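# no sequence on this one, just coordinates:
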């Protein structure tokens, strides 16, 4: 099978991609991806990862930036930029790190970065799973036989080691990091190994492990709820569930798929905040999605979680076709993700509060949120559009072009989310269908085909447009972008939350507003079409003072070391 013109080693695709090629065009998502790619190639030295592969035990600060976990992420990034961009430099850098893995790996396949007496503890097995993942991803896209051999050796060591543990030991929260969830990230790695070889032993191991876990507090299949399992950790549990979902696709296991969908819904229903983010202290918690004041010192909204959430949501759409996946993806991408990347695209916030200074974290020692942010940048063309062979679905509205292997050509032109106007030009050689998600925030919208307004068939939140083997058609969507204010009681005080279409609007002291100042109840905001922000609104109060709101992604960009922002703005008047 070919994807983006590449003969795949794998028998089962480990990523959610379609045959054909998505090309992002001029707009914020292209800027985001190209900025990340340039930073990755310019600033991330492959020699750090060469040294990282060989590091053991108490790693020096210089190598900790490239510990084995991040070496695995690095290889995935190299693989993706080769797969989607045919980037020769990424391919060459990846081969350097693969060669280093070959030199560093023990004869038994261990490469987890710990001494022989500590291989079952700390981040040892976590590191091992990530290195195996990176090697297998690189082999998948580059046909590198050394990477494949090393990845399988690492996966086999991991399977043998975990296989010697009882289910209770595997998730023992006293012995295993992250409340017992850390080792379950191996599920995804095992399914990559099965995809690369066709050897069912890897999926069979996942199946036996899932069955054994049913007698523990990590009974994923019978208790798929983010608050009820033993571990409420964010990215660790999302990693585990992505592996379970990959297993369900490979084996056609309906129970596993159903459990994955239930776990996804439990997060969407209870955890995701207005900015598309979740977790406090890296954990899901009761009432997690409710309006609250979250200074960054509380460690809220870990970027790793939102990056994992985007990819998990994309993969859930592949099996569910649920329009809520599109709603969640645009909310998280256009708010939290774009709002947490540094202006030069060099780093991401580790934690991001909703009040105070924005945390554009740079040059940090532990790089997990940076590398997962880089992964969103690299994989973005795979995330924004779905083609199942019948339906073509833009999951995030953005300027792009797409050409399928069977002759469908699609071009999307839009300034979304600045405006709600979207134009799609489509031509196909065989009958197909455009499946256009109606955003969850949208109450009024229109659709025209070749200039004629129509009443389209709407199914499960999608407007459906049939494409025949005819000349190109022009589809025009117009979503009415509304300015919305909601008032909340937070700790006995009234606060206002503002939104414009999918965008959260915030106060930003860099635009002249005063931090913490109560707002009058009767302000009337008007749109200002200026600058690079997605949206900016101003209002003048009774004393002649101007109050400004700007979209969350563009807040605190004037002087990030000084500027402060607020998502929930206190209102004047008595407390509740």
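Sure thing, it's come through. The shown structure was predicted, so the numbers you read here are calculated from the model rather than taken from an experiment.
# tell me the domain ranges of the protein?
Here the domain parsing of the chain from automatic domain parsing is 393-479, 483-570.
# out of these, flag the one nearest residue 109.
domain 393-479 (37.3 Å; C-beta to C-beta). For glycine as for every other residue, the C-beta is placed from the backbone atoms N, C-alpha and C.
# state the phi and psi torsions of residue 409.
When read as degrees, to the nearest 10, the backbone of residue 409 gives phi -120, psi 130.
# and it, what does it touch?
401, 402, 403, 426, 427, 428, 472 (C-beta atoms under 8 Å, 6 or more residues apart in numbering).
# could you export these as TSV, including distance to residue 72 and secondary structure?
Formatted as TSV, the contacts of residue 409 follow (distance: C-beta to C-beta, whole Å; DSSP: H, G, I helix; E, B strand; the rest coil):
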residue	distance to residue 72	secondary structure
401	32	strand
402	30	strand
403	32	strand
426	38	strand
427	41	strand
428	39	coil
472	43	coil
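# let me know the closest of those to residue 160.
residue 402 (43.0 Å).
# what residues are bridge-paired with that closest one?
Counting by DSSP bridges, residue 402 forms beta bridges with residue 22, residue 410.
# neighbours of residue 530, just the number please.
Using other C-beta atoms under 10 Å, residue 530 has 8 neighbouring residues.
# contacts for stretch 219-234?
By C-beta under 8 Å, 6+ apart, stretch 219-234 touches 171, 173, 178-181, 210, 213-214, 216-218, 237, 240-241, 244, 255-256, 259-260, 262-263, 266-267, 270-271, 278-279, 282-286, 302, 304-305, 308.
# before we move on, what about stretch 538-546?
With C-beta under 8 Å, 6+ apart as the contact definition, stretch 538-546 has outside contacts at 512, 520, 523, 524, 525, 526, 528, 547, 548, 549.
# swap the cut-off to 10 Å and go again
Residues from elsewhere that reach stretch 538-546 (C-beta atoms under 10 Å, 6 or more residues apart in numbering): 511-514, 517, 519-520, 522-528, 530, 547-550, 572.
# whichever of those residues end up buried, select them in ChimeraX.
Command for ChimeraX, covering only those of these found buried under the criterion 16 or more other C-beta atoms under 10 Å:
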select :511,513,519,523,525,547,548,549,550
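# rewinding a little: can you put the domains of the chain in a markdown table and add mean pLDDT?
Listed next are these as a markdown table, based on pLDDT from 0 to 100:
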| stretch | mean pLDDT |
| --- | --- |
| domain 393-479 | 96 |
| domain 483-570 | 95 |
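# so for residue 296, which of those sits nearest?
Once these are compared by C-beta to C-beta, domain 483-570 is nearest, at 11.0 Å.
# distance from the chain centre to the closest one, please.
Distance of domain 483-570 from the chain centroid (C-alpha atoms, centre = their mean, to the nearest Å) equals 26 Å.
# which secondary structure elements does the host helix or strand of residue 264 contact?
Using DSSP states H and E, residue 264 falls within helix 254-270. Secondary-structure packing of helix 254-270 (3 or more C-beta pairs under 10 Å, 6 or more residues apart in numbering; DSSP states H and E): helix 201-213, helix 234-251, helix 303-320, helix 323-331.
# please repeat the previous calculation with a cut-off of 7 Å.
helix 234-251, helix 303-320 (3 or more C-beta pairs under 7 Å, 6 or more residues apart in numbering; DSSP states H and E).
# the ones you listed: which one's closest to residue 29?
helix 303-320 (12.4 Å).
# and the closest one, average pLDDT?
Mean pLDDT, helix 303-320: 97.
# just the angle for that helix relative to helix 323-331, thanks.
150 degrees (axes from the mean of the first three to the mean of the last three C-alpha atoms, to 10 degrees).
# now helix 303-320 against helix 254-270, angle please.
130 degrees.
# ok, and what's touching helix 303-320?
Applying C-beta atoms under 7 Å, 6 or more residues apart in numbering, the external contacts of helix 303-320 come out as 16, 234-235, 238-239, 241-242, 245, 249, 257, 260-261, 264, 276-279, 322, 325, 328-329, 332-333, 336-337, 340, 348-350, 352, 368-369, 372-373, 375-376, 383, 386, 395.
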